[in-house]
Structure formats: structure tokens, C-alpha cells
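A.B. asks: Got a predicted structure plus its sequence, pasted below:
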Amino acid sequence: MAQPHPLSVPSPGGSAGSASSTGSLAQPTTVGLDPRLVARVLRASRTAGLVTASLGLLILAARAFGLSAYLAIGPGFVPMKPNAVLGIVLAGLFLWRFRVREGRPATWARRAAGLLVGVVGLLTLSEHLFGWDLGIDQLILRAAAEGLGTFPPGRMPAVTALSLALLGVGLLVLEAESNRVVRTVQAMGLTVVFLAFVSLVGHAYRVPEFYGLASPYAQMSIYASIALIVLGLGVFLARPDRGIVALLSMRSAAGVMARRLLPAGVAVPVLLGWLVRAGEQTELYPRGFGLSLLVVANVLVLSALISIVARRLERLEEERGRAFENLRCAEARYRGVLEASPDAVVCATAGGEISVVNAQAERLFRYDRAQLLGKPIETLLPESMRDRHRPLRQGYCFGPTT
């Protein structure tokens, strides 16, 4: 809304009335981003980077000192490839330092890290696609053939290479101001999450088709799956003020529902399915009973979550209703002051249309309120001054002076 534009007119009491560009007070407020939620989401993204970088450094140290056996999880454990660990560490460090005030050398170092992640992923992916050997698979640590069907030694799986390539490209353009670019980066982050999630579910449910030799997920380590899920989420959340993630940072009902239901909608079915499968494997109940139990448990848990979210939305609506009622009361007091004013008061919008007229203005100008509302404010001026007044009013709105 533009600044008030005063138009002095004589009033019966000798004082000056005024016409301004302020409109009605009780305009609906736009539900925007919550600064606290934005800061919280950005902090979660940085934490994701720090966690994955720490995990990668731990794995590299264990490999360097021959302690990889201590990281093994169950039979048939497949360790992470050194290049994959390097990419995850660099991507994690990039996210950790993203949007932190730093000098130019640190900024360039962070961008170089993002570039290296993308280059390693793309080069390894090209090795899988074209069958050549670029000699980059054992640059960090030389490795013998590890795990079922590893070939050649040290080369990360194609799906891991694709994930690192997506992360690298996304990190390089993460600071862009274009909404389209930011949405594309967020889509890349979600793609990485999905690819790694499929592999993680395969590990959790012991389904070799998701990560074994019969699929492109061959030999993907459980640690790589976890790290890539966290990194993908970190990239997805790194711009909480733009794109899809902006919805999560809003104070609106849609924002509340997204924050409550999205994590539960992913975690609850996976966890319940794992528990049911564990019960079947230990023969606590027959297989058909386990499937029925899973369906019932999903319905009960998700229904409870929806009820909780609905109650939260109801409280938000009550708070918003009270706030709107307070605003209406404030406007009523404002209009009461205007009506009791001994001066003629006329308010106009930024376009120059009259929006408020008090009783003293009706008496002064000898117009009914209905005749003035919505009309140009120049209606109150002599015809000879109207054309000169319009550019003056427009200029005042853009640069108010007194």
C-alpha cells in the first residue's frame, strides 16, 4: 500500500481535512514464511551435511587402518567404495558450510568440492555406460575385490554414481535465485533420496533384487544408502525460502499438514512392514496373518496421525479467528475515531480511488458517501486542477515527501 497522500481542504472549523491513500484496515493478511521455521529447516540441512561428512570420514579412517570389519553389519556386508566415500564427505562439507558467512577462499573451496562430487559421479557413470576404465576407481585407496560380484575393484555402483552426479550438479547451482532452478535442485535431491531409499528398504527387508546382482542396485552399501538419503534430504531442504520446501516453512494449514504427515507417511509403513516381516521370519504368526496385521496397523496409526493433525489445524483456525476478530474491533475503533473527527477525512488507494469518507467530509463536500466511494480522488478538485493533480499524486505514491 502506498504512503498517505494528503489533500488539504477547508473545513467548517477552520482546520484542514485530509485525503490519504490508506484503505480499510481489515484486509486479509497473507500467510507467509515463518522465519523460525526457515531457520530451523536450514539448520536441519546443515546438520545433514555434518552428519554425512562425519560418517564418511569415519569409514575412510576405518579402511585406511584396516578396521573395516568393525563396521560390517550382518552377513554379506558390502563396504562403501573409497570414491563414493570421498564424494559423500565433500558433499556433506558443502552443505555444512552452505550460507555461512565466509571469505572468498572458503567460498571457492566449497564450490570446488561440489564440482569434484559431480565430476567423480559423472566419470564413474560413464565407465558403467560405455565400459571403459578411466583409472579413477582406486585413486584414494587400493581395494581388492570386495563383496559379491564386485567388478572392477573399487568402482562404486552405477546408482551411487548417478546419485553423486545429481548431488554435484545440484550443489553447484544451489545458490541460484531462479525459482525454476531451485525447484529443479530440490527434485534432484528427492531423486537421490528415492534411489537410496529403494536400496535401504532392500537391506532392511533382505530383498536382494533391490541391491543385489539382479538389479542396478548391485553392491550398494547400507552405509551409502543411509548417507545418500540424508544428503538428498539436506539438498532438498537447503533452500527453505523457495520452491517446494517453502510450503514446509509456512504458517498456513497446508504447511502444518505437510510437516506432520509427510515424515509419518514415509516412516510408518516402512517401520510397520519391517516389524511384521521380522515376526514372520521368527514364526511368531503365519504369513497371511502378518499381512493382515500390517494393513490394520497402517490404518490405525495413520488414522491417529490424521486426527492429531486435524486437531492442530482446528487450533490454528481458532487462533486465526480470534486475530481476525481483534482486527475487526480495531477497525471499528479506527472508523469511530474518523467519524468523530472535526476534520474532513478522505482516504484513497494507491490507484487514487476513494475508499473511506467520514461524516464531516460528506457535509463539507456535499456528497453522499455512496457517491464518493470508488471514484477518483480528483472528483473533489476543481476541473481545472484535476489533470495536474494526477501525476503529482502518482509521484507522491512512489516517493512520498512533505
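C.D. replies: Received it, and whenever you're ready, just let me know what you need.
A.B. asks: residues near residue 324, how many?
C.D. replies: 13 (other C-beta atoms under 10 Å). Just so you know, the C-beta spots here come from the backbone N, C-alpha and C atoms, and that holds for glycine as well.
A.B. asks: Same check on residue 131?
C.D. replies: There are 7 residues near residue 131, going by other C-beta under 10 Å.
A.B. asks: what are the phi and psi values for it?
C.D. replies: Backbone geometry at residue 131, expressed as degrees, to the nearest 10, gives phi 70, psi 10.
A.B. asks: ok, it to residue 183 distance?
C.D. replies: With the distance defined as C-beta to C-beta, to the nearest Å, residue 131 ends up 35 Å from residue 183.
A.B. asks: Please apply the same query to residue 235.
C.D. replies: Separation of residue 235 from residue 183 (C-beta to C-beta): 12 Å.
A.B. asks: Comparing the two, which residue is more hemmed in?
C.D. replies: Legend: neighbour count by other C-beta under 10 Å for residue 235 and residue 183, higher for residue 235 (27 against 16).
A.B. asks: pLDDT (mean, whole number) over stretch 122-141?
C.D. replies: Taken as a whole, stretch 122-141 has a mean pLDDT of 78.
A.B. asks: How far off centre is it?
C.D. replies: With C-alpha atoms, centre = their mean, to the nearest Å as the basis, stretch 122-141 stands 34 Å off its chain's centre.
A.B. asks: hey, where'd the strands end up in this protein?
C.D. replies: Here the chain has its strands, by DSSP state E, at 9-10, 16-20, 345-348, 354-357.
A.B. asks: mean pLDDT lowest for which of the ones you listed?
C.D. replies: strand 9-10 (a mean of 40).
A.B. asks: Residue 97 is in contact with residue 106, isn't it?
C.D. replies: Yes - with contact defined as C-beta atoms under 8 Å, residue 97 counts as touching residue 106 (7.1 Å).
A.B. asks: Settle it for me: which of the two has more neighbours?
C.D. replies: Each of residue 97 and residue 106 has its neighbours counted (other C-beta under 10 Å); residue 97 has more, 18 against 12.
A.B. asks: Enumerate every residue touching the more buried one.
C.D. replies: Shown in contact with residue 97 (C-beta atoms under 8 Å, 6 or more residues apart in numbering): 46, 49, 106, 110.
A.B. asks: count of neighbours near residue 125?
C.D. replies: 19.
A.B. asks: Now do the most centrally placed residue in the chain, the pLDDT please.
C.D. replies: Nearest to the mean C-alpha position of the chain, by C-alpha atoms, centre = their mean, lies residue 245 at 1.7 Å. Looking at residue 245, its pLDDT is 83.
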